[in-house]
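Participant: Here's a sequence, model it:
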Amino acid sequence: MLQSFNYTRLQTQLIVSLSRVFCTKQSHAQWTLTTLRTMFW
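Facilitator: Prediction:
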């Protein structure tokens, strides 16, 4: 349970970091949605 939580938190931090990197791109929103779909579906 704790391991799973830590993994989720790490994954979230990774997404945030990547989002900041791609923030300047025009397709930021689409990229984020695609990433979320890949992870959760």
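Participant: what helices or strands is the strand or helix carrying residue 10 leaning on?
Facilitator: Applying DSSP states H and E as the criterion places residue 10 in helix 2-21. Contact here means 3 or more Cβ pairs under 8 Å, 6 or more residues apart in numbering; DSSP states H and E; on that basis helix 2-21 packs against helix 28-40. Glycine gets a C-beta too; all of them are placed from N, C-alpha and C.
Participant: helices or strands next to the helix it packs on in the packing?
Facilitator: Using 3+ Cβ pairs under 8 Å, 6+ apart as the contact criterion, the secondary-structure elements in contact with helix 28-40 are helix 2-21.
Participant: what ranges of the protein fall below the confidence cut-off?
Facilitator: 1-2, 22-28, 40-41 (pLDDT under 70).
Participant: Point to the residue nearest the middle of it.
Facilitator: Per Cα atoms, centre = their mean, the C-alpha nearest to the average position across the chain is that of residue 15, at 2.6 Å.
Participant: Give me the nearest residue to that one, chain neighbours excluded.
Facilitator: Nearest-residue entry for residue 15: residue 35, 6.7 Å, with adjacent residues in sequence omitted and distances by Cβ to Cβ, 6 or more residues apart in numbering.
Participant: Verify the stated contact: that neighbour with residue 16.
Facilitator: No. Look at residue 35 against residue 16 with Cβ atoms under 8 Å: they stay out of range, at 11.4 Å.
Participant: what about these two, which has more around it?
Facilitator: A side-by-side neighbour count of residue 35 and residue 16, using other Cβ atoms under 10 Å, places residue 35 first with 15 against 10.
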